[in-house]
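K.L.:
could you work out the structure for the sequence below:
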Amino acid sequence: MAIDSSDNVYVVDSSNNRIQKFDSNGVYITKWGSFGTSNGTFSTPSGIVIDSSDNIYVSDSGNNRIQKFDTSGNYVSKWGSGGTDNDEFNSPQGLGVDSSGNIYVADYSNHRIQKFANSSSATFSSSLTGLTCGTTYHFRSYSTNSVSTGYSSDATFTTSNCPVVSSGGGGGGGGSYIPLITNSIATNEVVTNNTKKEEIKDTNPKEKEVKLEIKNDTVKILSQSPNLSFGQNNKNVKVLQQFLNANGYTVAKSGPGSIGNETNYFGLATKKAVIAFQKANKISTTGTVGPLTRNAIAKTKTEKIPCTSQIATTKTDSASCPI
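P.N.:
Purely as a prediction, here's the structure:
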């Protein structure tokens with residue numbers, strides 16, 4: 001059970017896969033949840049805790065995840081999946097919260113406690129220049145920290161139609177020109193406490209060919225680096241991501257880890273790309289860059305990759321892939 005700031009009581013009705021809410025006198029108020037795997041449904045929920053802002057967290061044990069709700073039972077967010085890595089669970093059960101809003105999860109079958117930073121949402125804006133009038137653009141926001149990366153849903157905005165300004169005179173006719181919009185604002189909500197970035201895509205990108213600019217000593221750096229594995233955070237990981245992206249083992253199609261946005265963090269996306277490289281080179285698929293993988297890297301030549309968007313990055317050849 002858990003109690004909110006208004007003394008309402010929340011009960012985990014585990015076998016019925018639901019949460020019930022009562023007032024302090026035990027009078028029924030509402031309920032939510034049913035059996036399933038979609039957002040707001042449960043598979044044998046176990047623990048429940050409420051933070052100082054009355055956010056409700058439920059350990060969805062059978063689905064190996066934590067779900068977050070407001071006091072009316074509206075779904076807010078979730079995290080976790082089955083596994084043994086950080087941010088993964090095997091039958092999470094008891095929950096706790098401290099005075100800073102950090103969430104503690106008893107990861108029962110993994111025999112450990114995991115701690116997660118509480119996060120809230122906020123609105124931010126960013127000025128954009130060089131946009132064409134009368135054009136629809138897609139964008140997503142994302143936030144990242146040492147644990148994981150979260151993405152907003154795809155959103156769009158459309159710049160205003162191009163005004164036609166006539167010129168000329170005296171009966172000799174005239175011409176017209178279409179000015180370029182020089183500034184626009186795009187906003188979206190993302191998680192605070194993390195680094196905020198944006199990506200902007202043209203709705204009609206032309207496929208071009210671009211070669212990722214990899215320094216000549218990249219292969220040398222990787223072949224001589226210590227072992228690289230999940231959870232590490234150092235500059236060699238960024239070099240590894242650049243190498244993988246340049247050779248067709250894509251870390252991410254957009255956002256952190258994508259071409260020009262490589263990071264120092266060795267997360268799940270990097271691990272999957274390493275495994276793909278290991279499979280292609282008939283190496284044991286550990287997802288860790290050890291001696292055998294470094295040897296294969298040393299024998300690999302950087303290849304060309306397709307440029308499928310007009311996102312400008314510091315790692316692309318601007319002559320081949322203009323914005």
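K.L.:
who touches the residue nearest to Ser109 when sequence neighbours are not counted in this structure?
P.N.:
Closest residue to Ser109 apart from its sequence neighbours, by C-beta to C-beta, 6 or more residues apart in numbering: Asn90 at 3.8 Å. Bear in mind the C-beta positions are built from the backbone N, C-alpha and C, glycine included. Each residue near Asn90 by C-beta atoms under 8 Å, 6 or more residues apart in numbering is listed here: Asn64, Gly82, Gly83, Thr84, Asp107, Tyr108, Ser109, Asn110.
K.L.:
adding secondary structure, pLDDT and distance to Leu268, write the residues you listed out as a markdown table.
P.N.:
Shown next, in a markdown table, are the contacts of Asn90 (DSSP: H, G, I helix; E, B strand; the rest coil; pLDDT from 0 to 100; distance: C-beta to C-beta, whole Å):
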| residue | secondary structure | pLDDT | distance to Leu268 |
| --- | --- | --- | --- |
| Asn64 | coil | 96 | 15 |
| Gly82 | strand | 93 | 13 |
| Gly83 | coil | 93 | 9 |
| Thr84 | coil | 92 | 12 |
| Asp107 | strand | 94 | 17 |
| Tyr108 | helix | 93 | 22 |
| Ser109 | helix | 93 | 20 |
| Asn110 | helix | 93 | 16 |
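K.L.:
out of those residues, who's nearest Thr300?
P.N.:
Thr300 has its nearest neighbour among the contacts of Asn90 in Gly83, at 29.1 Å by C-beta to C-beta.
K.L.:
ok, the closest one - how many residues close by?
P.N.:
13 (other C-beta atoms under 10 Å).
K.L.:
and it, what does it touch?
P.N.:
Gly83 neighbours (C-beta under 8 Å, 6+ apart): Asn64, Phe89, Asn90.
K.L.:
likewise for Gly257?
P.N.:
Shown in contact with Gly257 (C-beta under 8 Å, 6+ apart): Gln241, Val251, Thr263, Gly267, Ala269, Thr270.
K.L.:
relative to Ser43, how far out is the residue sitting nearest the centre point of the chain?
P.N.:
Here the mean C-alpha position of the chain is nearest to the C-alpha of Gly150 (C-alpha atoms, centre = their mean), at a distance of 3.0 Å. Gly150 sits 23 Å away from Ser43, going by C-beta to C-beta, to the nearest Å.
K.L.:
cool, and Ile221?
P.N.:
Distance from Ile221 to Ser43, by C-beta to C-beta: 45 Å.
K.L.:
and Asn281, by the same measure?
P.N.:
39 Å.
K.L.:
could you do Asn236 as well?
P.N.:
Here the criterion is C-beta to C-beta. By it, Asn236 lies 40 Å from Ser43.
K.L.:
so which of those two has more stuff around it?
P.N.:
Ranked by neighbour count (other C-beta under 10 Å), Asn236 and Ser43 place Asn236 first, with 18 against 15.
K.L.:
surely that one forms part of a helix?
P.N.:
Yes: assigned with DSSP: H, G, I helix; E, B strand; the rest coil, Asn236 falls within a helix.
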